[in-house]
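**Student:** Sequence and predicted structure below; questions after.
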Amino acid sequence: MTPQRLDSVPVPAVGEVTQAGELAARAVAVRKVYGTGETSVVALDDLTLDLPRGQFTAIMGPSGSGKSTLMHCLAGLDTLTSGQVFIGETDLATLSDRERTVLRRDRLGFVFQSFNLLPTLTAEENITLPADLAGAAPDPEWFATVVDKLDLRSRLRHRPSELSGGQQQRVAVGRALIRRPAVVFADEPTGALDSHASSELLRFLRSVVDELLQTVVMVTHDPGAAAHADRVVFLVDGRIVLELSEPTREHILDVMGRLGEE
Ligand SMILES: Nc1ncnc2c1ncn2[C@@H]1O[C@H](COP(=O)(O)OP(=O)(O)OP(=O)(O)O)[C@@H](O)[C@H]1O
């Protein structure tokens with residue numbers, strides 16, 4: 001199939017039901033080697049992963065197993081040694097640096113452990129920032145949907161310092177969603193939250209998948225967080241060693257124990 005160019009990637013309308021089986025992203029035989037010679041490290045080793053649209057995938061594995069590298073390669077933040085990464089039908093290798101930057105801005109959302117909000121902007125301005133940077137006013141209907149889904153309506157005029165950690169992270173999720181991305185990448189999104197704010201954030205992430213049909217990929221060390229996902233992919237030494245569908249915390253803990261990760 002001819003890879004689709006960036007400017008022809010269709011953006012689904014609000015409420016549009018995506019077709020079952022469509023892939024938001026995929027990694028095909030991805031290999032990532034850092035360095036050369038004796039000091040080289042194989043971070044990803046012939047890894048293939050499909051990310052179906054409208055699914056919540058958690059990526060787990062011991063420290064150094066390649067989780068961050070996989071996320072960075074999927075998001076076009078790091079180059080591959082070999083293999084391919086597709087966002088929708090777009091092969092990232094066919095894009096120029098500029099086109100890859102635009103794709104990241106327009107088609108991908110990011111949520112990090114440290115919320116990375118701009119302190120001088122209000123919650124609303126932080127959420128709409130990616131749209132403003134793209135020179136495109138955010139779709140008012142989608143903005144309202146996201147704000148209500150994340151329960152931020154009464155906090156829009158507040159600056160980050162006037163918000164709780166959980167609220168700040170919800171603003172970060174809103175910012176990640178504002179361009180209706182193909183995929184939201186979340187790297188330890190609950191790492192800086194207490195257990196109440198954590199479980200609240202995970203419920204919000206779950207509902208953006210279930211009700212807004214967004215696709216979320218989350219790296220986490222927390223079995224309780226991963227249990228909110230539709231499936232958990234376990235990495236060891238840059239390879240997928242196991243996948244769990246409809247995971248429970250107990251089942252995840254059991255696998256972590258077997259992988260020597262508890
Ligand atoms: N820039 C780099 N240069 C050299 N080696 C690297 C680089 N980034 C990662 N690595 C190595 O690649 C391997 C995978 O690292 P990665 O950060 O993807 O693991 P991880 O599963 O995310 O780990 P953690 O859970 O500790 O964050 C590790 O052996 C790491 O040391």
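**Tutor:** Arrived safely. Numbering: from 1, shown residues only.
**Student:** Point out where the stretch 1-150 of the chain drops to low pLDDT.
**Tutor:** By pLDDT under 70, the low-scoring segments of the stretch 1-150 of the chain are 1-21.
**Student:** Which stretches in it count as helices?
**Tutor:** Ranges of helices in the stretch 1-150 of the chain, per DSSP state H, counting those that start in this stretch, are 67-74, 97-107, 123-133, 140-149.
**Student:** Packed most tightly, which of these would that be?
**Tutor:** Mean neighbour counts were compared across the helices of the stretch 1-150 of the chain using mean count of other C-beta atoms under 10 Å; the top stretch is helix 67-74, at a mean of 22. Every residue, glycine included, has its C-beta placed from N, CA and C.
**Student:** Relative to the ligand, how far out is the residue of the chain most remote from its centre?
**Tutor:** Ranked by distance from the centre of the chain (C-alpha atoms, centre = their mean), the top residue is Glu38, with 33.3 Å. Distance of Glu38 to the ligand, given as C-beta to the nearest ligand atom, to the nearest Å: 13 Å.
**Student:** Also Leu23?
**Tutor:** The gap separating Leu23 from the ligand is 23 Å, by C-beta to the nearest ligand atom.
**Student:** now Leu152
**Tutor:** Taking C-beta to the nearest ligand atom, one finds Leu152 at 29 Å from the ligand.
**Student:** In contact with that residue, which residues?
**Tutor:** The neighbours of Leu152, taking C-beta atoms under 8 Å, 6 or more residues apart in numbering as the test, are 123, 127, 167, 170-171, 174.
**Student:** Kindly report the same for Leu80.
**Tutor:** 30-32, 44, 73, 93.
**Student:** That one and Asp46, how far apart?
**Tutor:** Between Leu80 and Asp46 the distance is 11 Å, computed by C-beta to C-beta, to the nearest Å.
**Student:** Need the residues touching each of those two.
**Tutor:** 30-31.
**Student:** Neighbours of Leu77, how many?
**Tutor:** Neighbour count for Leu77, taken as other C-beta atoms under 10 Å: 15.
**Student:** and the closest residue to it other than its chain neighbours, how far is that from Ala134?
**Tutor:** Distances taken as C-beta to C-beta, 6 or more residues apart in numbering place Arg104 nearest to Leu77, at 7.5 Å, with adjacent residues excluded. Per C-beta to C-beta, Arg104 is found 11 Å from Ala134.
**Student:** Glu246 too?
**Tutor:** Glu246 is 36 Å from Ala134, where distance means C-beta to C-beta.
**Student:** Who has more neighbours out of those two?
**Tutor:** More crowded of Glu246 and Ala134, by other C-beta under 10 Å: Ala134, with 14 against 10.
**Student:** still on that earlier bit, neighbour-wise, which one of the contacts of Leu80 leads?
**Tutor:** Busiest of the contacts of Leu80 [other C-beta under 10 Å] is Leu44, holding 30 neighbours.
**Student:** Wait, that one touches Leu70, no?
**Tutor:** Yes: counting by C-beta atoms under 8 Å, Leu44 touches Leu70, with 6.0 Å between them.
**Student:** joint contacts of those two?
**Tutor:** The contact sets of Leu44 and Leu70 overlap at Val30 (C-beta under 8 Å, 6+ apart).
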